[in-house]
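Enquirer: no sequence on this one, just coordinates:
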């Protein structure tokens, strides 16, 4: 009972008009990685000769066909029936996720609505699927990248059928490079190394991503083929680091930017102290005339006092001979 309660319940909804029947086996094997597909339905006008390939696999894989007649030519009424059933299943609150098999972007609003309720949406379609539907899913996988189910001992080359992209093409994919670098920065530590499992989780939170869409069975194989990240393996996990980070860190020394402002700070006070040590008011000669002016009045009385005794004997010498002249006359 404990194991059964942990299994995720997923509803598999197939747009038979826009999905290849030859890939249903590998699609079911991929869905089994996320949970149990206890709801399996395929929608279309089963009287149409275009769905003959689907009729051969419906009973084999226990898929329930949902008949939807075309009410008008050129219109696909099965899309509307599929949306209605998806909303009914959502409101029943018995599912943990949805797997939508279609290459039609008309299901993009449905995916966005399902995500708002906190359920996972796994998309499967051909490479012609428009980008809005691909990016809206929690994880979208191109059916061309799914090979036949292989055992654990089978080589990886037999699993993926999409040819691997070259390193030049991978580096030229700006969206892929930026997404991986952002995820690496978010999961990195102080030394710049990130655990690959954490990087994969960050990438899954950013957008729909599957390394098999690029021709590589694992994320580590894709990152190693790009040549933009360093890879380090230990007994427990795989670590990666952006090569740009490993080159920039040794060059940009944290000591230099700290020493330069310190030298500027010591030079600036020295330059500012020069005008303070020799202010211009002290060099002016205004106070010196004032001292000389105070000394001049002192010197003038001294000179006058020296000259006054010389005038006094001249004044005293004139009356002295007049007195003896007057005495004999009397």
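Expert: Arrived safely, thanks for sending. Because the structure is a prediction, the values reported are computed rather than measured. Numbering: from 1, shown residues only.
Enquirer: what residue ranges in the stretch 1-150 of the chain score low on pLDDT?
Expert: Confidence mapping of the stretch 1-150 of the chain against pLDDT under 70 gives the ranges 1-5, 71-76, 147-150.
Enquirer: just the helices in it please.
Expert: Along the stretch 1-150 of the chain, counting by DSSP state H, counting those that start in this stretch, helices occupy 2-6, 24-31, 52-58, 78-92, 108-116, 131-136.
Enquirer: Identify whichever of the ones you listed lies nearest to residue 65.
Expert: Residue 65 lies closest to helix 52-58 among the helices of the stretch 1-150 of the chain, at 5.5 Å (C-beta to C-beta). For every residue, glycine as well, the C-beta is placed using N, CA and C.
Enquirer: Quick one: neighbours of residue 17, just the number.
Expert: Applying other C-beta atoms under 10 Å, we find 21 other residues in the vicinity of residue 17.
Enquirer: ditto for residue 223
Expert: By the criterion of other C-beta under 10 Å, residue 223 has 23 neighbours.
Enquirer: ok so it is a helix residue?
Expert: Yes. Per DSSP: H, G, I helix; E, B strand; the rest coil, residue 223 lies within a helix segment.
Enquirer: so what's it up against?
Expert: Shown in contact with residue 223 (C-beta atoms under 8 Å, 6 or more residues apart in numbering): 180, 196, 229, 231, 240.
Enquirer: separation between the last one and residue 37?
Expert: Going from residue 240 to residue 37 by C-beta to C-beta, to the nearest Å gives 33 Å.
Enquirer: quick one: which of those two has more around it?
Expert: The residue with more neighbours, out of residue 240 and residue 37, is residue 240; 26 against 20, by other C-beta under 10 Å.
Enquirer: For that one, which three-state class applies?
Expert: From three-state DSSP, the assignment for residue 240 is strand.
Enquirer: what are the bridge partners for it, then?
Expert: Legend: beta-bridge partners of residue 240 under DSSP bridges are residue 194, residue 231.
Enquirer: Could you dump the helices of the stretch 1-150 of the chain into JSON lines and include mean neighbour count and distance to residue 100?
Expert: What follows is the helices of the stretch 1-150 of the chain, written out as JSON lines (neighbours: other C-beta atoms under 10 Å; distance: least, C-beta to C-beta, whole Å):
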{"stretch": "helix 2-6", "mean neighbour count": "6", "distance to residue 100": "24"}
{"stretch": "helix 24-31", "mean neighbour count": "19", "distance to residue 100": "11"}
{"stretch": "helix 52-58", "mean neighbour count": "14", "distance to residue 100": "16"}
{"stretch": "helix 78-92", "mean neighbour count": "16", "distance to residue 100": "8"}
{"stretch": "helix 108-116", "mean neighbour count": "17", "distance to residue 100": "7"}
{"stretch": "helix 131-136", "mean neighbour count": "18", "distance to residue 100": "9"}
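Enquirer: closest one to residue 67 among the ones you listed?
Expert: Closest of the helices of the stretch 1-150 of the chain to residue 67 is helix 78-92, at 8.9 Å (criterion: C-beta to C-beta).
Enquirer: Packing partners of the closest one?
Expert: Helix 78-92 sits against strand 9-15, strand 36-44, strand 64-67, strand 97-101, helix 108-116, with contacts defined as 3 or more C-beta pairs under 8 Å, 6 or more residues apart in numbering; DSSP states H and E.
Enquirer: ok, and what's touching it?
Expert: 11, 13, 15-17, 39, 41, 43-45, 66, 68, 95, 98, 100, 104, 106-107, 110, 113-114, 117, 119.
Enquirer: is it possible to export the helices and strands packed on helix 78-92 to JSON lines including distance to residue 209?
Expert: Formatted as JSON lines, these follow (distance: least, C-beta to C-beta, whole Å):
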{"stretch": "strand 9-15", "distance to residue 209": "19"}
{"stretch": "strand 36-44", "distance to residue 209": "22"}
{"stretch": "strand 64-67", "distance to residue 209": "31"}
{"stretch": "strand 97-101", "distance to residue 209": "17"}
{"stretch": "helix 108-116", "distance to residue 209": "15"}
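Enquirer: of all those, which lies closest to residue 125?
Expert: With C-beta to C-beta as the criterion, residue 125 lies closest to strand 97-101 of the helices and strands packed on helix 78-92, at 7.0 Å.
Enquirer: what angle sits between that closest one and helix 108-116?
Expert: For strand 97-101 against helix 108-116, the angle by axes from the mean of the first three to the mean of the last three C-alpha atoms, to 10 degrees is 160 degrees.
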